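Undergrad: below are the sequence and a predicted model for it; my questions follow.
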Amino acid sequence: MDAPAPDTLPICVAALYHFSRFDDCAGHRARLDRACRAAGVRGTLLLAREGINGTIAGSNAAIDAVLAQIRALPGCAAIDVKFSRAASMPFHRMKVRIKREIVTMGQPDIDPTLSVGTYVDPADWNALIADPATIVIDTRNDYEVAVGSFAGAIDPATRSFSEFPEWFRAQRDRLLGPGDAPPPKVAMFCTGGIRCEKSTAFLKAEGVDAVYHLKGGILKYLEVVPPEQSLWRGECFVFDSRVAVGHGLAPGTHSLCHACRMPVSPADRASPSYEEGVSCPACHDQRSEDQRNGARERHRQELLAAARGQAHVGAVLPRPATADDPRN
């Protein structure tokens, strides 16, 4: 039986971010929390003095109602929102939180409202990254890159976005060449665009002028670029129960390991180290038999709860939306 087309799936998923000065985060948080709960929307929204970031899901009408509240925030009237669809609600609860940063880089002097790289539309991205004079950097974390990336992109192998500045400073000479050589163009990308707002601003502050980033991130590229023209390889990891999406933002083939919350590919699920609800190749050797037995019992209880049509109180959630990448 064919899977339903993404545009016929019942749940609307809205990924968004915007950098803008917020002086009343507590008041904004309270109003957004009330609006989301009244509409039955679930997901995560992060607020900081630098703006808003998050992903929410619900019916079309519910998402419209919450987006109206978000667009009423200072400077957010024209916020860009990336929409996709899901077969079922991809989040278990609604969280509206106040953070120091809406995406954690640990560089307090970086302000994307003052200086960022040049935005590149998805339709123009292929030409940029195919140029031999361009180096392409994936700014996401290692487990995300393992699910999919652009052909030829450099993987910094970071475990969190806050490691990116140190990685770039350590690799700068290797990446950009000697100071007397013409510098290459630097093209960077991430899931929805927010990490590139900060990473391109960081490179500009480091004195790198020819910096570019994919407008709308991987999600917009997969949405609008036809598969036959695409330079994307694999799937794109997302921070909800879909785990990964492919071209057209159709749900992908990855699942989530209940033990370590890492993405699990079809090949991983065929491994002797994979046991549903218990372990995967990434964590099997890091867990004791007692830990695996505990996971087996938890998984058994989850299956029993599901059979009763209930959500088990200890059910494993998707890797949580964090300040590194809530939606993206």
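TA: Okay, I see it. Residues are numbered from 1 along each chain as shown.
Undergrad: which residues of the stretch 151-300 of the chain fall in helices?
TA: For the stretch 151-300 of the chain, the helices defined by DSSP state H, counting those that start in this stretch cover 164-176, 194-205, 217-224, 266-269, 289-307.
Undergrad: contacts made by the third one with the rest, please.
TA: Surrounding helix 217-224, the residues in contact under the criterion C-beta atoms under 8 Å, 6 or more residues apart in numbering are 15, 82, 84, 122-123, 125, 189-194, 196, 214, 216, 230, 232, 236, 238, 245-249, 328. In this view, the C-beta of every residue, glycine as well, is placed from N, C-alpha and C.
Undergrad: filter those down to the buried ones.
TA: Buried by 16 or more other C-beta atoms under 10 Å: 15, 82, 84, 122, 125, 189-194, 196, 214, 216, 230, 232, 236, 238, 245-247, 249, 328, out of these.
Undergrad: and this protein, what are its domains?
TA: 6-98, 118-234, 254-319 (automatic domain parsing).
Undergrad: of all these, which one is nearest residue 107?
TA: In terms of C-beta to C-beta, the element of these nearest to residue 107 is domain 118-234, at 5.8 Å.
Undergrad: start and end of the closest one, how far apart?
TA: End-to-end span of domain 118-234 (C-alpha to C-alpha, to the nearest Å): 26 Å.
Undergrad: ditto for stretch 223-234
TA: Terminal-residue distance, stretch 223-234 (C-alpha to C-alpha): 14 Å.
Undergrad: swap in stretch 64-81?
TA: Note: stretch 64-81 ends 11 Å apart using C-alpha to C-alpha.
Undergrad: hmm, who's touching that stretch?
TA: Outside stretch 64-81, the residues within contact range by C-beta under 8 Å, 6+ apart are 14-18, 20-23, 28, 31-32, 35-36, 38-39, 41, 45, 51-52, 56, 58, 216.
Undergrad: residue 85 should be in a strand, yeah?
TA: Yes: the assignment for residue 85 is a strand, going by DSSP: H, G, I helix; E, B strand; the rest coil.
Undergrad: any figure for the gap between it and residue 118?
TA: Distance from residue 85 to residue 118, counting by C-beta to C-beta, to the nearest Å: 31 Å.
Undergrad: of those two, who's got more company?
TA: residue 85 (21 against 14; other C-beta atoms under 10 Å).
Undergrad: circling back: in strands, which of the buried ones among the contacts of helix 217-224 appear?
TA: 15, 82, 84, 189, 214, 232, 236, 245 (DSSP state E).
Undergrad: the fourth one and residue 196 touch, don't they?
TA: Yes: contact between residue 189 and residue 196 holds when scored by C-beta atoms under 8 Å: they sit 6.3 Å apart.
Undergrad: identify the contacts common to those two.
TA: Taking C-beta under 8 Å, 6+ apart as the contact rule, residue 189 and residue 196 both touch 139, 213-214, 217.
Undergrad: for these, which one is nearest residue 291?
TA: Nearest member of the shared contacts of residue 189 and residue 196 to residue 291, counting by C-beta to C-beta, is residue 139, at 32.9 Å.
Undergrad: now do the contacts for that closest one.
TA: 156, 161, 164, 188-190, 195-196, 199.
Undergrad: and with 6 Å instead?
TA: Each residue near residue 139 by C-beta atoms under 6 Å, 6 or more residues apart in numbering is listed here: 188, 190, 195, 199.
Undergrad: measure it to residue 217 for me?
TA: Taking C-beta to C-beta, one finds residue 139 at 10 Å from residue 217.
Undergrad: before we move on, what about residue 15?
TA: Look at residue 15 and residue 217: by C-beta to C-beta, they are 9 Å apart.
Undergrad: which neighbours do these two share?
TA: Contact criterion C-beta under 6 Å, 6+ apart; residues shared by residue 15 and residue 217: residue 192.
Undergrad: count the neighbours of residue 215 for me.
TA: Residue 215 has 19 nearby residues by other C-beta under 10 Å.
Undergrad: check the residue nearest to residue 255 when sequence neighbours are not counted and give its pLDDT.
TA: Setting aside the residues directly before and after it, residue 255 is nearest to residue 264 in space (C-beta to C-beta, 6 or more residues apart in numbering), at 5.0 Å. pLDDT, residue 264: 95.
Undergrad: residue 264 reaches residue 257, doesn't it?
TA: Yes: judged on C-beta atoms under 6 Å, residue 264 makes contact with residue 257 at a distance of 5.1 Å.
Undergrad: tell me which of these two has more neighbours.
TA: Per other C-beta under 10 Å, whichever of residue 264 and residue 257 has more neighbours is residue 257, with 26 against 22.
Undergrad: the more buried one and residue 144, how far apart?
TA: Counting by C-beta to C-beta, the separation of residue 257 from residue 144 is 15 Å.
Undergrad: counting neighbours, what do you get for the nearest residue to residue 41 once chain neighbours are set aside?
TA: With C-beta to C-beta, 6+ apart as the criterion, residue 41 has its nearest non-adjacent residue at 4.0 Å, and that residue is residue 58. A count of nearby residues for residue 58, using other C-beta under 10 Å, gives 23.
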